[in-house]
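Enquirer: Quick one, fold the following:
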Amino acid sequence: MADIAHLPMDQLQDLEYCIDSNPPWQVLGTSVMIPTCLSLRWVEGDKAKVIQTLLFVGGINTLLQALFGTRLPAIVGGSFAFVVPIAYIINDSSLQRIRDPHVRFIQTMRAIQVALIIAASIQIILGFSQVWGLFSRPLGMAPVVGLVGLGLFQRGFPALGNCIEIGLPMLLLVIGLSQYLKHVKPLRDFPIFERFPVLISVAIVWLFSVILTVSGAYRGKPMATQISCRTDRANLISTASWFMFPYPLQWGPPTFSAGHSFAMMSAVLVSMVESTGAYKAASRLAIATPPPAYVLSRGIGWQGIGLLLDGLFGTGTGSTVSMENVGLLGLTRVGSRRVVQISAGFMIFFSMLGKFGAVFASIPFAIYAALYCIVFGLVGSVGLSFLQFTNMNSMRNLFITGVSLFLGISIPQFFDEYWSLPRRGLVHSNAGWFNAFLNTIFMSAPVVSLIIAVVLDNTLEVDKSNKDRGMAWWIKFRTFRGDNRNEEFYTLPFNLNRFFPPT
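Expert: Predicted coordinates:
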């Protein structure tokens with residue numbers, strides 16, 4: 001038995017650079033890839049100015065999070081959790097009555113702005129009051145972190161399959177370079193294929209997709225194929241300005257609606273759960289200890305301030321931790337905080353030079369879908385690794401884990417099948433904000449999984465199963481002083497801990 005035993009480990013050991021490392025300059029090339037992933041996610045149907053604003057504020061929020069929040073190597077960007085409330089605002093009858101498209105767009109942006117600003121107060125209060133950090137437990141967080149990655153399966157191979165001739169080569173190339181050729185060092189002693197598998201793969205497959213587009217391979221194809229495969233499908237490059245500096249209230253004074261604000265609060269709760277799972281995964285991939293409750297609450301509070309900035313600048317959506325970024329930490333084996341800080345600088349740079357950033361947005365989505373198949377899978381596996389600290393020979397734990405994972409996928413899939421612009425979700429009462437609130441909550445796999453796991457873990461044989469639940473391991477990470485390593489990873493810079501001591 002001793003030969004097959006694998007002892008639980010607080011920190012991963014198979015990464016090259018941890019959270020406090022300062023990698024050589026070559027590794028910082030990874031920073032170029034992260035903001036380009038975010039630039040495409042909001043291209044379809046959005047205005048160039050919105051994209052530039054989103055990148056600009058995302059860069060600021062990332063710097064705030066890396067300096068004063070959790071201090072983990074986590075990129076903050078636009079969140080899909082806000083899609084349902086924003087769709088509710090867009091389809092509000094008072095806005096739909098406006099005939100001029102440009103005026104309607106401006107009024108919609110103003111309505112979204114004030115909803116984000118008001119909803120941000122919930123996140124700021126729950127974060128800085130240190131209430132939020134009390135919810136995490138090993139058995140409860142494992143399925144949540146797992147579904148933060150695995151719950152995004154629809155953005156993986158289903159999207160890749162829309163353009164198989166581009167997506168499949170990308171998937172195989174990334175796996176080949178990052179796993180099979182990672183020890184090949186054509187440039188002295190630097191493992192270029194291990195550090196830059198994404199950059200190299202994107203460059204090769206992107207060039208291939210340009211050749212297919214120019215040669216007319218997609219001429220006469222269905223519109224869905226052209227949207228997924230062509231590199232010239234959008235007018236983003238022509239509509240983007242050469243230089244733009246986003247500023248607060250650039251769309252005009254916000255317009256208040258109580259219903260819009262209540263609907264947006266549901267997305268805030270979902271983004272908090274997803275970000276919590278992302279922070280747990282990022283800490284493990286950065287060779288850090290799990291963030292204690294104080295640090296987790298601090299990060300959520302600063303993320304609330306970031307959401308406030310989203311509303312003030314008018315990004316058109318709220319923000320959360322980028323799951324792509326978390327997965328890239330494991331794929332490149334670089335978990336350095338410094339790399340993410342440089343990434344934030346690139347996000348701000350791309351946002352102000354609109355034409356330059358718009359060029360990257362011409363990358364077909366199938367390329368990113370192939371990347372999602374890998375990075376989201378990595379995040380999911382990191383979540384499941386937290387089960388090593390619990391007793392998985394216990395039927396109680398097997399029941400809780402299995403039910404929370406299965407229902408965490410099944411229930412959101414059921415709600416998602418009913419969500420479309422005409423029907424707008426399974427819940428469709430006369431109160432639109434109520435519909436958006438419940439549909440947003442139950443369309444999120446991590447949230448559904450968290451609700452089920454927390455209820456079961458705290459009601460089934462609690463007194464008899466403290467050791468099986470992993471509480472003996474978890475107790476030292478509940479407080480900042482519980483483990484000496486926490487101070488190394490999560491202490492505030494510039495000696496700020498003297499003025500804001502951990503509690």
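
Enquirer: Would you mind measuring from I363 to M395?
Expert: Distance, I363 to M395, using Cβ to Cβ, to the nearest Å: 48 Å. (Glycine included, C-beta is placed from N, CA and C.)

Enquirer: quick one: which of the two has more around it?
Expert: More crowded of I363 and M395, by other Cβ atoms under 10 Å: I363, with 21 against 7.

Enquirer: Pretty sure the more buried one sits against T231.
Expert: Yes: taking contacts as Cβ atoms under 8 Å, I363 lies within contact range of T231: 7.2 Å.

Enquirer: any residues in contact with both of these two?
Expert: Both I363 and T231 are contacted by W206, S209, under the criterion Cβ atoms under 8 Å, 6 or more residues apart in numbering.

Enquirer: and the nearest residue to L460 once chain neighbours are set aside, how many residues sit next to it?
Expert: Nearest residue to L460, sequence neighbours excluded (Cβ to Cβ, 6 or more residues apart in numbering): R396, at 5.7 Å. R396 has 19 neighbouring residues, counting by other Cβ under 10 Å.

Enquirer: List the buried residues of the helix or strand where R396 lies.
Expert: Using DSSP states H and E, R396 sits in helix 395-417. Within helix 395-417, the residues scored as buried using 16 or more other Cβ atoms under 10 Å are 396-397, 400-401, 404-405, 407-409, 411-412, 415-416.

Enquirer: so where's this structure shaky on pLDDT?
Expert: 1-48, 133-138, 233-240, 354, 356-361, 420-424, 482, 499-503 (pLDDT under 70).

Enquirer: Please report how far the spatially most central residue of it lies from R338.
Expert: Nearest to the centroid of the C-alpha atoms of the chain, with distances taken as Cα atoms, centre = their mean, sits S322, at 2.6 Å. Applying Cβ to Cβ, the value for S322 to R338 is 17 Å.

Enquirer: how about the strands of this protein, start to end?
Expert: 76-78, 319-321 (DSSP state E).

Enquirer: mind putting those strands in TSV, mean neighbour count and distance to D468 included?
Expert: Shown next, in TSV, are the strands of the chain (neighbours: other Cβ atoms under 10 Å; distance: least, Cβ to Cβ, whole Å):
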stretch	mean neighbour count	distance to D468
strand 76-78	29	36
strand 319-321	28	30
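
Enquirer: Tell me which of the ones you listed sits nearest to A203.
Expert: Closest of the strands of the chain to A203 is strand 76-78, at 22.1 Å (criterion: Cβ to Cβ).

Enquirer: Can you give the strand pairings for that closest one, parallel or anti for each?
Expert: strand 319-321 (antiparallel) (DSSP bridges).

Enquirer: List the contacts of the strand it pairs with.
Expert: 57-58, 61, 65, 74-79, 81, 271, 274-275, 278-279, 282, 303, 306-307, 310.

Enquirer: If any of those residues are buried, give me the ChimeraX selection for them.
Expert: Filtering those down to the buried ones (16+ other Cβ under 10 Å) takes a single ChimeraX command:
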select :57,58,61,65,74,75,76,77,78,79,81,271,274,275,278,279,282,303,306,307,310
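
Enquirer: Name the residues of stretch 176-184 that are buried.
Expert: If you call a residue buried by 16+ other Cβ under 10 Å, then stretch 176-184 has these buried ones: L177, S178, L181, K182.

Enquirer: That stretch: end-to-end distance?
Expert: 11 Å (Cα to Cα, to the nearest Å).

Enquirer: how far out from the middle of the chain is that stretch?
Expert: Chain-centre distance of stretch 176-184: 26 Å, with Cα atoms, centre = their mean, to the nearest Å.

Enquirer: Over to stretch 207-215?
Expert: That offset, for stretch 207-215, works out to 30 Å (Cα atoms, centre = their mean).

Enquirer: Please apply the same query to stretch 90-106.
Expert: With Cα atoms, centre = their mean, you get 30 Å for stretch 90-106.

Enquirer: again, but for stretch 449-465
Expert: Stretch 449-465 sits 27 Å away from the centroid of its parent chain (Cα atoms, centre = their mean).

Enquirer: Any buried residues in that stretch, and which?
Expert: Judged by neighbour count (16+ other Cβ under 10 Å), stretch 449-465 contains these buried residues: S449, L450, I451, I452, A453, V454, L456, D457, S465.

Enquirer: circling back: for the buried residues of helix 395-417, which one is nearest T53?
Expert: Nearest to T53 among the buried residues of helix 395-417 is D416, at 28.2 Å by Cβ to Cβ.

Enquirer: Next, find the distance separating that closest one from V448.
Expert: The gap separating D416 from V448 is 12 Å, by Cβ to Cβ.

Enquirer: which residue sits closest to V76 in space, ignoring its chain neighbours?
Expert: N61 (4.0 Å).

Enquirer: Check V340 too.
Expert: P73 is the one closest to V340 (Cβ to Cβ, 6+ apart), at 4.1 Å.

Enquirer: residues contacting the one you found?
Expert: Shown in contact with P73 (Cβ under 8 Å, 6+ apart): I19, A66, A282, A286, N325, L329, G335, S336, R337, V339, V340.

Enquirer: So which of the contacts of strand 319-321 sit within helices?
Expert: 57-58, 61, 65, 271, 274-275, 278-279, 282, 303, 306-307, 310 (DSSP state H).

Enquirer: Turn the residues you listed into a markdown table, columns for distance to I118.
Expert: Listed next are the ones in helices among the contacts of strand 319-321 as a markdown table, based on distance: Cβ to Cβ, whole Å:
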| residue | distance to I118 |
| --- | --- |
| V57 | 17 |
| G58 | 21 |
| N61 | 18 |
| Q65 | 22 |
| S271 | 15 |
| E274 | 20 |
| S275 | 19 |
| A278 | 24 |
| Y279 | 25 |
| A282 | 29 |
| Q303 | 16 |
| G306 | 15 |
| L307 | 10 |
| D310 | 12 |
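
Enquirer: ok, so of the residues you listed, who is nearest F243?
Expert: Closest approach between these and F243, by Cβ to Cβ: V57, at 17.1 Å.

Enquirer: Next one: that closest one from G318, what distance?
Expert: V57 is 11 Å from G318, by Cβ to Cβ.

Enquirer: out of the buried residues of stretch 449-465, who's nearest S93?
Expert: Nearest to S93 out of those is I451 (Cβ to Cβ; 32.4 Å).

Enquirer: how close does that closest one sit to V270?
Expert: Here the criterion is Cβ to Cβ. By it, I451 lies 12 Å from V270.
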